[in-house]
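Trainee: Need the 3D shape of this:
(one chain, ligands or ions: 3)
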Amino acid sequence: MSSFADQIEKDVQSMLKKYNAKDCITKDEAISYFKNSGSKFPERNASYLFKAMDLDHDGKLTLDEIRAGLIKEYSEKLEDTIELDIDAFFLKHDINKDQKIHKKEMIQYFEDLGTQFPSQAAEAIFKDIDTDKDNVITPNELEKVNILQY
Ligand SMILES: [Ca+2]
Ligand SMILES: [Ca+2]
Ligand SMILES: [Ca+2]
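Mentor: Ligands and ions are numbered 1, 2, ... in the order given. Alright, predicted model coming up:
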């Protein structure tokens, strides 16, 4: 099992615990959870939750439904993070703002940083990211790598 799947299982279990439920969450359990947690609109909150997660509309959230809901939530967050990272990367390196990072720009960046070997540093990054080897990094190419390390 991957760590992602482990995390989802953990979250499913802690959600059941939170709602004081056994193997599925009923609407009543959700309402009383929101009541207990001090929500002003417990019923409305429960309705939102069920609208988002109760895929077969039977008024119960089964383990599979909770799982699917959590996975969706995670992947949306993940996508947001990746987009933010790509934006930040371009802000940092795309000096002439043409939405492409030319090798010159990357070298410039490392020169400004005072890196000892700016072209080698740029070269190393292009080797990883510039998959079509045209010496230009595009947003598409960035999407395919984990840029957190750069
Ligand atoms: Ca259901
Ligand atoms: Ca550019
Ligand atoms: Ca390229």
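Trainee: I figured His15 was touching Ile25, is that so?
Mentor: Residue 15: Met, not His. Yes. At 7.5 Å, Met15 counts as touching Ile25 under the criterion of C-beta atoms under 8 Å. C-betas here are computed from N, CA, C, even on glycine.
Trainee: Have a look at these two and say which one is more surrounded.
Mentor: Using other C-beta atoms under 10 Å, the more surrounded residue of Met15 and Ile25 is Ile25, with 27 against 19.
Trainee: Can you say which helix or strand has the closest residue to the more buried one other than its chain neighbours in it?
Mentor: Closest residue in space to Ile25, ignoring its immediate chain neighbours: Leu61 at 4.1 Å, by C-beta to C-beta, 6 or more residues apart in numbering. Leu61 belongs to strand 60-62 when assigned by DSSP states H and E.
Trainee: For stretch 96-115, C-alpha coordinates in CSV please.
Mentor: Provided in CSV are the C-alpha atoms of stretch 96-115 (Å, rounded to 0.1, in the frame of the first residue of the first chain):
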residue,chain,number,x,y,z
ASN,A,96,11.1,38.6,-19.7
LYS,A,97,7.7,37.2,-18.8
ASP,A,98,7.1,35.2,-22.0
GLN,A,99,5.9,32.1,-20.1
LYS,A,100,9.0,30.3,-21.2
ILE,A,101,12.3,29.9,-19.4
HIS,A,102,15.2,30.1,-21.7
LYS,A,103,18.5,28.7,-20.5
LYS,A,104,19.9,32.3,-20.6
GLU,A,105,17.4,33.3,-18.0
MET,A,106,18.2,30.4,-15.8
ILE,A,107,21.9,31.2,-16.0
GLN,A,108,21.2,34.8,-15.3
TYR,A,109,19.3,33.7,-12.2
PHE,A,110,22.2,31.7,-10.9
GLU,A,111,24.6,34.5,-11.7
ASP,A,112,22.5,36.9,-9.7
LEU,A,113,22.5,34.5,-6.9
GLY,A,114,26.3,34.4,-7.0
THR,A,115,26.4,30.7,-7.7
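Trainee: Having no further points to raise, I will conclude here.
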